[in-house]
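sequence plus predicted model, see below.
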Amino acid sequence: MRYCLKCRNEFEGERCPVCGSKKSREPAADDLCFLTEEGPLLGGMLEDVLKQNGIPVLSESSKGAALSVITSSLFEWIKYYVRYDHLPQAREIVEELLHSSEGLSEEEPEEEELEENPKEAEAGEEPESEA
Ligand SMILES: [Zn+2]
């Protein structure tokens, strides 16, 4: 496993797949590693869950960049970093969180009452003629 000194991504191989940098070294347990990048809403939830699991998380807002003039806070992206030794567990939490939030948005009840078929309701009597 290698640890990119440029973008703090943890990867396998020679080059960092994120930034292409070759400047990497063996990760140490207390290295901060890039976990994920989320919007403020999901990111806030993620931060809470990580803290509940005893995983310290460092967040880096994209607002720090000069881009904040154009981008409203709604489109703010926050990068999250955790220690290398917390990374596997933190990734699982991210997966779970992403899955559950997808589930929530899909559960929204949509009114679909096109199933009723007036023709069949009128038929009433059903000729049960089975040969
Ligand atoms: Zn990198």
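Arrived safely, thanks for sending. Numbers count the residues shown, from 1 in each chain.

going forward, measure contacts and count neighbours with C-alpha atoms only.
OK.

show the model's pLDDT score for residue 77.
pLDDT, residue 77: 84.

below-threshold pLDDT in the chain: ranges please.
62-75, 101-127, 129-131 (pLDDT under 70).

for it, what lies in contact range of the ion?
4, 7, 16, 19 (CA under 5 Å from the ion).

what is the longest helix anywhere in the chain packed up against?
In the chain, taking DSSP state H as the definition, the longest helix is helix 87-106. Counting contacts by 3 or more CA pairs under 8 Å, 6 or more residues apart in numbering; DSSP states H and E, helix 87-106 packs against strand 32-38, helix 40-52.

just those: most buried one?
With neighbours defined as mean count of other CA atoms under 10 Å, the helices and strands packed on helix 87-106 peak in mean count at strand 32-38, which reaches a mean of 21.

what pairs with that one, and is each one parallel or antiparallel?
Paired strands of strand 32-38, with direction, are strand 78-83 (antiparallel) (DSSP bridges).

need the residues that contact the strand it pairs with.
Residues from elsewhere that reach strand 78-83 (CA atoms under 8 Å, 6 or more residues apart in numbering): 29-40, 43, 55-62, 90.

ok, 7 Å please
29-40, 43, 56-62 (CA atoms under 7 Å, 6 or more residues apart in numbering).
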